[in-house]
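Q: structure of the sequence below:
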Amino acid sequence: MQINIFKTEAEVLANLATYFVTIANKAIAKNGRFAVALSGGTSPKKLYELLSSSSFKNKVQWQKTDFFFGDERNVPPTDSNSNYLMAKKALFEPLEIEPAQVFAVNTLLEPDKAAAEYDTTINNYFAGNKKCFDLILLGLGDNSHTASLFPYTPVLNDTTASIKSVFLNDQQVYRITFTAPLINQAYHVVFLVYGQSKAAAVHHVIEDVRDIENFPAQLIAPVDGELLWFMDEAAVAQLKIK
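A: Numbering: from 1, shown residues only. Alright, predicted model coming up:
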């Protein structure tokens with residue numbers, strides 16, 4: 001695990017964008033394609049807007065990039081809460097990404113069916129080989145969840161590298177998510193975290209005794225890949241070792 005700490009939010013985003021470009025170019029040089037799984041939320045949106053800005057948009061061969069989603073809310077693709085819609089506006093449209101390069105969850109299906117279909121889509125993409133994404137971007141919730149791996153949900157104990165639906169009792173909503181084993185097969189996994197509100201969760205996940213039911217993000221530990229954290233000083237305020 002590599003922890004990268006920067007003074008400001010802007011520095012976090014700029015350095016992660018640079019890392020994104022580096023991994024993308026290495027993957028394209030090696031395999032001809034770059035497979036990345038995106039995260040939803042406010043923090044990733046700012047990253048996508050930066051990647052599609054004049055500072056970065058010409059640094060990646062976007063026509064050789066394939067986009068997936070580490071999790072999705074069970075809402076129509078036109079809903080303001082859709083991770084797909086956010087990425088479409090912040091990244092796909094500005095970069096003129098072809099629809100064939102975007103692999104979204106079909107949220108018009110029932111949650112279990114949507115998860116099963118997305119699992120099949122990913123299996124087909126990797127053509128029966130091990131499902132290893134070049135890069136998976138993750139956020140961290142105040143309750144230490146990541147992707148849609150929420151505290152005290154059955155998916156935390158899932159041992160398959162697959163896609164599953166998750167019902168959140170407190171919100172009475174469904175989500176579709178990568179399981180931890182699927183995330184852990186990636187070559188590169190990155191947490192993007194900034195702000196004082198994340199400090200307690202960062203401490204729990206990185207320094208507390210392992211307790212995946214309370215701190216699901218502790219499940220993320222790439223088997224053969226690398227795990228990196230990109231954070232600002234506010235987010236690491238409660239870490240004992242920095």
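
Q: show me where the protein has strands.
A: 2-6, 34-38, 65-69, 71-73, 135-138, 163-168, 173-178, 188-193, 226-232 (DSSP state E).

Q: of all those strands, which one is nearest residue 104?
A: strand 65-69 (6.4 Å; CB to CB). Every C-beta, even on glycine, is put in place using the N, C-alpha and C of the backbone.

Q: average model confidence for that closest one?
A: Averaging pLDDT along strand 65-69 gives 98.

Q: for the protein, give me the ranges with low pLDDT.
A: The model of the chain has pLDDT under 70 over residues 242.

Q: spit out the contact partners of residue 117.
A: Residue 117 is in contact with 106, 109, counting by CB atoms under 8 Å, 6 or more residues apart in numbering.

Q: from the middle of its chain, how far away would the top helix by length along the chain be?
A: Counting residues, the longest helix found in the chain (DSSP state H) is helix 9-31. Chain-centre distance of helix 9-31: 14 Å, with CA atoms, centre = their mean, to the nearest Å.

Q: and if you look at stretch 48-56?
A: 18 Å.

Q: please apply the same query to stretch 74-90.
A: 15 Å.

Q: with stretch 110-117 instead?
A: 19 Å.

Q: mind listing what's buried along it?
A: Of the residues in stretch 110-117, 111, 114-116 count as buried by neighbour count, 16 or more other CB atoms under 10 Å.

Q: for that stretch, list the C-alpha coordinates in PDB.
A: Extracted C-alpha coordinates of stretch 110-117, given in PDB (Å, rounded to 0.1, in the frame of the first residue of the first chain):
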ATOM      1  CA  GLU A 110     -34.300  -5.700 -11.900                       C
ATOM      2  CA  PRO A 111     -31.200  -5.300  -9.600                       C
ATOM      3  CA  ASP A 112     -30.300  -9.000  -9.600                       C
ATOM      4  CA  LYS A 113     -30.700  -9.300 -13.400                       C
ATOM      5  CA  ALA A 114     -28.700  -6.100 -13.900                       C
ATOM      6  CA  ALA A 115     -25.900  -7.500 -11.800                       C
ATOM      7  CA  ALA A 116     -26.000 -10.800 -13.700                       C
ATOM      8  CA  GLU A 117     -26.000  -9.100 -17.100                       C
END
